[in-house]
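*Asks:* turn this into a model:
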Amino acid sequence: MTPDAVVIGSGPNGLVAANLLADAGWSVVVLEEQDRPGGAVWSDESVAPGHVHDTFSSFYPLAAGSPTVQGLHLEEHGLEWSRAPSVLGHAFPDGRWAVLHDDRHDTASALEAAAPGDGQAWLDLCATWDRIGDDLVRCLLSPFPPVRGGAGMALQLARAGGLGLVRELLMPARSLTEHRFRGEGARMLVAGNAGHADIPLESPGSAVMGLLLAMLGQTVGFPVPRGGAAALSGAMVRRLESLGGEVRLGERATQVCVRSGRAVAVRTASGEVPVGRAVLADVSAPALFGGLVGWESLPTKLRDRMSRFEWDPSTVKVDWALSGPVPWSNAPDRAPGTVHVADSMDDMTLAGGQVSAGLVPERPFLLVGQMGVADHTRVPEGGEALWAYTHVPQRVRGDAADGRPGVRPVTGSWHESDLEAMAERIEQRIEGRAPGFRDRITARRVLGPRELEALDSNLFGGAINGGTAGLHQQLVFRPVAGTGRPETPVRGLYLASASAHPGGGVHGACGANAARAALWHHRARPPWRKQ
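*Replies:* Numbers count the residues shown, from 1 in each chain. Sure, this is the predicted structure:
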């Protein structure tokens, strides 16, 4: 039997797309090259028995705030969310903390105590988000142009501050936070969240990213799937299978077959899978254009534009099994699941600038996850499953710490010696905030650019967002200028990965946009042209 749709890749976007097509009554086959589903949403106990580590992504505010993911009702298929006592903490080198609490008034009280006036400024920001947040999220996650979300967004912006608010949203994160707040704590809660993307704090677009994650943290939190990230993927697979969909593991797609300008089949190592209506590719844009689809089937101008496609930076991630909780200095009473480590905005700017210049940062900005804090079922009693990741250049030109005494150099080959040197650098940063941290390490795993790509081929060179989040590769410029939508030059073929608008993050919007485009095009085609 020929399936209506073949989805290449079982990452969150691929699984969302498959579920939406199955909801519409289509027969769906998902092809996954790995021996497990989920793409960059997976977990296991490979670091140490009894310690469940998320291999890639961990905290999911975008999933909790995504109408698409929430609309799947995955709780009916076994998904349970868990949350840490507090959402996020920023650890300063002198032992101070800025904490994003579940309750906005608790957050505001702490910020007010640190810098008078910042508490009310935080509540004012939350009130603005209450007006525009839902429409902003809908606008960001909708196909481009966002007609419905855009109309609601325009109305709410006019009521909430008009052009002045638009200007703030378009500001660099540094400008916005210095304009809104007096103290470092409030500023770093926003700037640290902006640091999740690869947009410099001094560049337009970084403020939106920082506000989006900070305000989602303040409204829906930073939840994790109980038992590990694999529970999220598992729930999506079970939902799909309950609708008659099929996931084929260990089935690597090698080619999308194009005849008369239309996608008609997907070739794998074991044969050819014919397609009745559409192919949705949850693969990176470079892997699709000129890869799965040869350039002979694509316009010359697309090849030219794809030559300018820009990846986001690489990533190094370290996982630790600990014999006890992280011994943070002056630890908050309510432990945060996520911790940011940077001395200041200047420190973040320096590290980000070094990455942009092709240098491995001497003092990297760290994103840290305390998984036992967020979900006690993942660790033995009294233990902790900790991770930290940081960005490094896609192409290393040098090491910012070169020649510094006591610092092992990183060459950029990302072989074992480089990974060990980078792990030491990361551990030193945490040890400075948590004396005695290293004494509690019982096991460690280091995943560099090579390992990340081997585990998920979409993570090219350790890039985790499907391409840079810079404004020059967003909206109508994603993945290249003149696109911005999931449709491709090949009829019946849709780009459903993070390389498509709106980009990286576990929100499912890229897959949802592709599925809705496929459904619309099938409905819009005259009956005599349907195949």
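
*Asks:* ranges for the helices of the stretch 201-350 of the chain?
*Replies:* When secondary structure is read from DSSP state H, counting those that start in this stretch, the stretch 201-350 of the chain shows helices at 206-219, 230-242, 285-288, 300-306, 345-356.

*Asks:* looking at those helices, which is buried most?
*Replies:* Neighbour counts averaged per stretch over these are highest for helix 206-219, at a mean of 25; criterion: mean count of other C-beta atoms under 10 Å. Glycine gets a C-beta too; all of them are placed from N, C-alpha and C.

*Asks:* and that helix with helix 345-356, angle?
*Replies:* What separates the directions of helix 206-219 and helix 345-356 is an angle of 120 degrees, with axes from the mean of the first three to the mean of the last three C-alpha atoms, to 10 degrees.

*Asks:* other residues contacting helix 206-219?
*Replies:* When contacts are defined by C-beta atoms under 8 Å, 6 or more residues apart in numbering, helix 206-219 is touched by residues 61-62, 64-65, 87-88, 100, 104, 107, 125-126, 129, 133, 136-137, 140, 168-177, 189-197, 199-200, 222, 469.

*Asks:* got TSV for the helices of the stretch 201-350 of the chain, with mean pLDDT too?
*Replies:* Supplementary listing: the helices of the stretch 201-350 of the chain in TSV, determined by pLDDT from 0 to 100:
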stretch	mean pLDDT
helix 206-219	95
helix 230-242	98
helix 285-288	98
helix 300-306	95
helix 345-356	97
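
*Asks:* kindly reformat those as a markdown table containing distance to residue 490.
*Replies:* Written out in a markdown table, the entries for these read as follows (distance: least, C-beta to C-beta, whole Å):
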| stretch | distance to residue 490 |
| --- | --- |
| helix 206-219 | 32 |
| helix 230-242 | 25 |
| helix 285-288 | 10 |
| helix 300-306 | 10 |
| helix 345-356 | 35 |
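
*Asks:* which among these is found nearest to residue 337?
*Replies:* For the helices of the stretch 201-350 of the chain, distance to residue 337 was read as C-beta to C-beta. The smallest value, 10.0 Å, belongs to helix 206-219.

*Asks:* so how far is residue 282 from the closest residue to residue 39 other than its chain neighbours?
*Replies:* Beyond its immediate neighbours in the sequence, the residue positioned closest to residue 39 (C-beta to C-beta, 6 or more residues apart in numbering) is residue 11, lying 2.5 Å away. When C-beta to C-beta, to the nearest Å is applied, the distance between residue 11 and residue 282 equals 5 Å.

*Asks:* any shared contact partners between the two?
*Replies:* Each of 39, 458, 497 lies in contact with both residue 11 and residue 282 under the rule C-beta under 8 Å, 6+ apart.

*Asks:* top of the residues you listed by neighbour count?
*Replies:* Within the shared contacts of residue 11 and residue 282, residue 497 tops the neighbour count with 30 neighbours, counted by other C-beta atoms under 10 Å.

*Asks:* show the pLDDT at it.
*Replies:* Note for residue 497: predicted pLDDT of 98.

*Asks:* give me the three-state assignment for it.
*Replies:* coil (DSSP: H, G, I helix; E, B strand; the rest coil).

*Asks:* from residue 2, how far out is it?
*Replies:* Here the criterion is C-beta to C-beta. By it, residue 497 lies 24 Å from residue 2.

*Asks:* still on that earlier bit, what about the contacts of helix 206-219, which are in strands?
*Replies:* Among the contacts of helix 206-219, the subset assigned to strands under DSSP state E consists of 87, 88, 100.

*Asks:* number of residues surrounding the residue nearest to the second one when sequence neighbours are not counted?
*Replies:* Going back to what we said before, that points to residue 88. Of all residues not flanking residue 88 in the chain, residue 100 sits nearest, at 4.1 Å (C-beta to C-beta, 6+ apart). Residue 100 sits with 30 neighbouring residues when counted by other C-beta under 10 Å.

*Asks:* thought residue 107 was touching residue 100, still the case?
*Replies:* Yes. Shown here, residue 100 and residue 107 form a contact pair, counting by C-beta atoms under 8 Å, at 5.6 Å.

*Asks:* can you list residues touching both of those two?
*Replies:* Contact criterion C-beta under 8 Å, 6+ apart; residues shared by residue 100 and residue 107: 189, 218.

*Asks:* coming back round to it: ok, so of the shared contacts of residue 11 and residue 282, who is nearest residue 442?
*Replies:* Each of those was checked against residue 442 using C-beta to C-beta; the closest is residue 39, at 28.9 Å.

*Asks:* for the closest one, give me its contacts.
*Replies:* Applying C-beta under 8 Å, 6+ apart, one finds that residue 39 lies in contact with 9, 10, 11, 12, 13, 14, 56, 233, 282, 456, 458.

*Asks:* of these, closest to residue 484?
*Replies:* With C-beta to C-beta as the yardstick, the closest approach to residue 484 among the contacts of residue 39 comes from residue 13, at 16.2 Å.

*Asks:* residues near the nearest residue to residue 393 once chain neighbours are set aside, how many?
*Replies:* Closest residue to residue 393 in three dimensions, ignoring its sequence neighbours and counting by C-beta to C-beta, 6+ apart: residue 358, at 4.7 Å. Burial of residue 358, expressed as a neighbour count using other C-beta under 10 Å, amounts to 15.

*Asks:* list the contacts of residue 358.
*Replies:* With contact taken as C-beta under 8 Å, 6+ apart, residue 358 is in contact with 393, 395, 396, 397, 398.

*Asks:* okay but the first one is in contact with residue 410, surely?
*Replies:* Translated: residue 393. No. In this structure residue 393 lies outside contact range of residue 410 using C-beta under 8 Å: 10.2 Å.

*Asks:* just to revisit the earlier point, can you put the shared contacts of residue 11 and residue 282 in CSV and add distance to residue 301?
*Replies:* Converted to CSV, those look like this (distance: C-beta to C-beta, whole Å):
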residue, distance to residue 301
39, 30
458, 25
497, 21
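
*Asks:* quick check, nearest of the residues you listed to residue 276?
*Replies:* Residue 276 has its nearest neighbour among the shared contacts of residue 11 and residue 282 in residue 497, at 22.0 Å by C-beta to C-beta.

*Asks:* got a list of what the closest one touches?
*Replies:* With C-beta under 8 Å, 6+ apart as the criterion, the residues that contact residue 497 are 9, 11, 13-14, 281-285, 288, 458, 466, 510.

*Asks:* now do residue 523
*Replies:* Under the criterion of C-beta under 8 Å, 6+ apart, residue 523 has no neighbours.

*Asks:* kindly report the same for residue 54.
*Replies:* Residue 54 neighbours (C-beta under 8 Å, 6+ apart): 42, 43, 224, 228, 229, 369, 371, 387.

*Asks:* distance of residue 506 from residue 222?
*Replies:* Distance, residue 506 to residue 222, by C-beta to C-beta: 12 Å.

*Asks:* give me the common contacts of those two.
*Replies:* A shared contact of residue 506 and residue 222, defined by C-beta under 8 Å, 6+ apart, is any residue touching both; here these are residue 60.
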